[in-house]
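K.L.:
with the input below, show me the fold.
(one chain, ligands or ions: 1)
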Amino acid sequence: MMRRLHLLAGVMGILLLPYPSAGEESDTLPCDREMRKTIEAMQAFRRQNQGRYPDSLSDLTRHGYLQWRDAACPLNRQGDAQADERANFISSRRLGGDRSGRYEYELSDQVVLNDGSRMFLPADPPPFTRAQLKGELLRRAFSEQVPLLRCDQHRSGPSPASNPDDGRRNATAYGTIYWSGLYWEQVWIADVPGTSRDLNVFYGLEGPPFYVDRAPALDGAIDFRPWNSAFGDVAWWWELPFFDEGSNRQRTPDLGPFFHHQQGMTRDLGGTSWWLNGLVQVQGEFSEAPGLNRYHQPTSQDHPPSRLDLPIKRHFHAASWLQGTLWTGSPGEPVGFLIWHYEDGTIERVPILYGVHSARFWCDEEQSRDEQLVRNLVSPVWSEHQTREQVGVERQLRLYQQRWTNPHPDVQVTSLDFVAATNSPAAPFLVAMQVTP
Ligand SMILES: [Zn+2]
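P.N.:
Next comes the predicted model:
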């Protein structure tokens, strides 16, 4: 994703990290203790202040919940007087905020968001603070994963592949402490996509959880609730309401015109009845190489590479699924696989081929020119045209149907895996699946 909200990026969000060895862990003990003490002071503050979080860590020291020297990494206490060279407008440690040396505080009232993202926002967006944004995340499912405090002093611990200086300790409102890279969301993308963690929540994103809690009311429908990572009504793959620049600036494509905010329902399409309740997103290749066009390929890991072990427990003759991809791939290349596991140990691996079974779920004029060069391109089972007046460009939204005949109808299928191809940037998603007995 655009590297990305450089505005937000400093405090939020990158890479799955190896967890540190026991030796490294013990180096963090004094810091972990200090973080827990700070979180406890914060909870004490909230009990006295109608549940409100302090506006800064200084509020805790000023009102006697902590000593002046507290709320800072023990490694950093000697450095109190020095300015934090890295502190900038996205840091809580800046003029008017906490002194340098303190932990980064994610609910600071001093960090105003949206200036750097203005080009991707609607006209005249109201300014808002990181505290408001995090406050919203803390009201949703998986709030126990949202860090309140971050220490950037423990660089010798985990070594994210891209940048060894990116290791951070995080403390949550529940007192849990964990490692992440700069982008803490990346540790948790299986539950909530990295792109659904920040500004999107202010622009209509519902969830998590990303489904209505209703079992399929349709025979043969596969229940995707354990896997769902987006409703699809609002852009789930780009965290801001607008996408691209200049004459191609457009409302970020989403499947709102398909779902109409109606989840947990049956719809007929392409001669098949489907149970609709959000969608399942996986992602393969991404590249952080500078200079790549962030409007043409993913530049960070925002979705999990696979979803595994969905219970199926049925015999069936055929399966059919509704799908698309986020980005383009080369015609004929696998963008992902559905892997069926049978009770006798048999495995069937079904590829999803770009241009043959699926394609990017939106098509503007540029994409349309590219696709005219492809022979026998798959036709969508659903599409809808959007106009320049509606979304900024002329474009089409679309979904594809893939059918598969089960070669072992007499053997029970126990479970299903959905895996992105690691060498394709297309990032496939599934909207629904139907099996025929
Ligand atoms: Zn520390």
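K.L.:
what does the stretch 1-150 of the chain have sitting close to the ion?
P.N.:
Proximity of the stretch 1-150 of the chain to the ion, by Cβ under 5 Å from the ion, involves residues Cys31, Cys73. Bear in mind the C-beta positions are built from the backbone N, C-alpha and C, glycine included.
K.L.:
any low-confidence regions in the stretch 1-150 of the chain?
P.N.:
Scanning the stretch 1-150 of the chain for pLDDT under 70 picks out the ranges 1-26, 77-90, 95, 114-115.
K.L.:
do a quick rundown of the strands in it.
P.N.:
With DSSP state E, counting those that start in this stretch applied, the stretch 1-150 of the chain shows strands at 104-105, 112-113, 128-129, 147-151, listed in chain order.
K.L.:
out of those, deepest packed?
P.N.:
A comparison of these by mean neighbour count, using mean count of other Cβ atoms under 10 Å, puts strand 104-105 on top with a mean of 28.
K.L.:
contacts for it, please.
P.N.:
11, 56-57, 91-93, 97-98, 148-152 (Cβ atoms under 8 Å, 6 or more residues apart in numbering).
K.L.:
again, only this time at 7 Å
P.N.:
With Cβ atoms under 7 Å, 6 or more residues apart in numbering as the test, strand 104-105 has contacts from Val11, Ser56, Leu57, Ser91, Ser92, Arg93, Asp98, Leu149, Arg150, Asp152.
K.L.:
stretch 210-229 too?
P.N.:
Taking contacts as Cβ under 7 Å, 6+ apart, the residues outside stretch 210-229 that touch it are 193, 230-231, 263-264, 266, 273, 275, 277-281, 303, 307, 310, 312, 430, 433-437.
K.L.:
so what's the residue count around Gln250?
P.N.:
Using other Cβ atoms under 10 Å, the number of residues around Gln250 comes to 20.
K.L.:
confidence score at it?
P.N.:
Note for Gln250: predicted pLDDT of 96.
K.L.:
in contact with the closest residue to the ion within the stretch 101-250 of the chain, which residues?
P.N.:
The stretch 101-250 of the chain approaches the ion most closely through Cys151 (3.4 Å), counting by Cβ to the ion. Contact analysis of Cys151 by Cβ under 7 Å, 6+ apart lists Cys31, Met35, Cys73, Tyr103, Arg168, Arg169.
K.L.:
redo that, cut-off 8 Å
P.N.:
Cys31, Met35, Cys73, Tyr103, Glu104, Arg168, Arg169, Asn170.
K.L.:
counting only strands, which of the contacts of stretch 210-229 make the cut?
P.N.:
266, 273, 275, 280-281, 307, 310, 312, 430, 433-436 (DSSP state E).
K.L.:
can you tell me which of those residues has the most neighbours?
P.N.:
Busiest of the ones in strands among the contacts of stretch 210-229 [other Cβ under 10 Å] is Gln281, holding 29 neighbours.
K.L.:
report the contact partners of it.
P.N.:
By Cβ under 8 Å, 6+ apart, Gln281 lies in contact with Pro193, Ser229, Ala230, Trp236, Trp237, His303, Leu326, Ala427, Phe429.
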